[in-house]
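Student: Using only what follows, build the 3D model:
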Amino acid sequence: MNRLLDKIINFFKWPVAIWLFCSLPAFFKSLDAFKFTEWRYVAMATGFFMFFIGRSFMDGASRTSMEVLAHELTHAFFALITFHKVKGIRINPDDTGGTMSFEGEGNWLIVIGPYFFPLYCLFAMIAISIYTMFAPTNLFLSLFLGFFTGFHFDMVGSQIHEKQTDLPKVGYKFCAVFLLPANLWMIGSVLAFNSKGWDGVVIYQHLISDINARNFRYLMNLIGM
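Tutor: Numbering: from 1, shown residues only. Take a look at the predicted model:
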């Protein structure tokens with residue numbers, strides 16, 4: 001099963017990257033839909049900056065260990081959802097990195113996952129969803145989500161460098177096309193969740209599709225087709 005799924009995922013590697021790259025205008029335009037002056041976004045921004053304030057007080061080794069763990073867990077997450085058995089996760093004692101081993105050949109999503117997918121934000125969103133089943137929503141939940149959004153920005157920023165061994169596996173050209181729009185897509189989804197929960201995430205995806213469709217029609221009219 002995982003071999004067939006790997007082949008399908010690998011086949012769509014560049015089509016997905018090109019679609020995301022062509023969607024860049026839509027990702028930026030979609031920001032107009034968010035009312036950043038609302039208190040829930042103010043709280044989210046507060047949580048975002050609280051992470052970086054707290055980060056400045058953290059020991060460098062502890063911060064690196066947290067990022068390496070999140071990195072390897074994200075590799076494992078994509079391995080699991082593409083039906084690969086995870087055999088183990090190892091964090092190097094000197095905090096120079098880690099490894100995640102799994103059965104099967106794998107696919108590009110497993111390799112590139114930590115560089116665009118905010119796994120801890122997903123965990124926070126699930127936790128918030130469970131909490132709001134039993135209690136009313138409040139601004140602390142937005143602050144909580146903003147904190148882990150800050151962690152994602154910090155992790156991606158610190159782990160994209162010339163010595164990173166994952167990036168050559170998928171190709172630097174692919175990374176140049178894929179990573180920026182993929183991160184914008186994910187962060188837009190997190191912002192949408194902060195507004196209207198999972199319904200907001202669905203609405204956001206429809207919004208991106210609608211903006212893309214309008215941009216495509218505009219382009220066709222511009223070239224006279």
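
Student: In this structure, where is pLDDT below threshold?
Tutor: 1, 60-61, 94-96, 225 (pLDDT under 70).

Student: So which residues of it form helices?
Tutor: Along the chain, counting by DSSP state H, helices occupy 2-11, 13-22, 24-29, 39-57, 60-81, 108-112, 119-131, 139-159, 167-170, 172-222.

Student: between the ones you listed, which one is nearest to Met100?
Tutor: Smallest distance to Met100 across the helices of the chain (C-beta to C-beta): 4.2 Å, for helix 60-81. Quick note: C-beta positions are derived from backbone N, CA and C, even for glycine.

Student: can you give me the angle that closest one makes with helix 2-11?
Tutor: Put simply, helix 60-81 runs at 110 degrees to helix 2-11, going by axes from the mean of the first three to the mean of the last three C-alpha atoms, to 10 degrees.

Student: What residues sit buried inside helix 60-81?
Tutor: Neighbour counts over helix 60-81 (16 or more other C-beta atoms under 10 Å) mark 63-64, 66-68, 70-79 as buried.

Student: In contact with Trp108, which residues?
Tutor: Residues near Trp108 by C-beta atoms under 8 Å, 6 or more residues apart in numbering: 9-10, 13, 169-170, 174.

Student: go with 6 Å
Tutor: Counting by C-beta atoms under 6 Å, 6 or more residues apart in numbering, Trp108 touches 13, 170.

Student: now it: how far from Gly200?
Tutor: The spacing between Trp108 and Gly200, counted by C-beta to C-beta, to the nearest Å, is 28 Å.

Student: Could you do Phe12 as well?
Tutor: 26 Å.

Student: Between those two, which has more neighbouring residues?
Tutor: Remark: of Phe12 and Gly200, Gly200 carries more neighbours, 18 against 13, as counted by other C-beta atoms under 10 Å.
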